[in-house]
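>>> need a 3D model of the following:
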Amino acid sequence: MYKIRNALAVAEVALMTIILFTILVDLTSAAENIIRNLEHIGISEVTAKQYWGWDWVYSHYSDTKRVLLGLQIFILLSTVTNTAKQKFKYAA
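Predicted structure coming up:
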């Protein structure tokens with residue numbers, strides 16, 4: 001029974017870490033979007049023009065989110081499968 005609790009604790013920490021990375025990617029994307037569109041919020045176009053090329057997060061956003069979502073699904077499925085196997089083993 002302790003193995004199940006330890007496995008679930010590790011899975012919770014892993015999921016929280018991946019969700020933290022997901023939030024970090026979203027916040028970075030929002031900050032980059034604001035920086036690239038400074039001329040729309042009152043900064044002169046001459047000053048804002050030097051930031052128009054900042055698009056790394058924008059270019060890689062879908063790939064990054066796809067990897068993070070895949071990791072979340074992998075952790076959930078491995079946790080559920082492992083827990084089900086252990087519960088079945090103890091029930092028998």
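>>> dump the residue contacts of the residue nearest in space to the middle of the chain.
Relative to the mean C-alpha position of the chain, the nearest C-alpha, by C-alpha atoms, centre = their mean, is the one of residue 22, at 2.2 Å. By C-beta atoms under 8 Å, 6 or more residues apart in numbering, residue 22 lies in contact with 65, 68. For every residue, glycine as well, the C-beta is placed using N, CA and C.
>>> would you mark the buried spots in the helix or strand hosting it?
For residue 22, the element it lies in under DSSP states H and E is helix 2-36. With burial defined by 16 or more other C-beta atoms under 10 Å, the residues of helix 2-36 counted as buried are 11, 14, 18, 22, 25, 29, 32, 36.
>>> how about the residue lying closest to the first one once chain neighbours are set aside, phi and psi?
Spelled out, it's residue 11. Nearest non-adjacent residue to residue 11, counting by C-beta to C-beta, 6 or more residues apart in numbering: residue 79, 4.0 Å away. Main-chain dihedrals, residue 79, degrees, to the nearest 10: phi -70, psi -50.
>>> with that, I have no additional questions.
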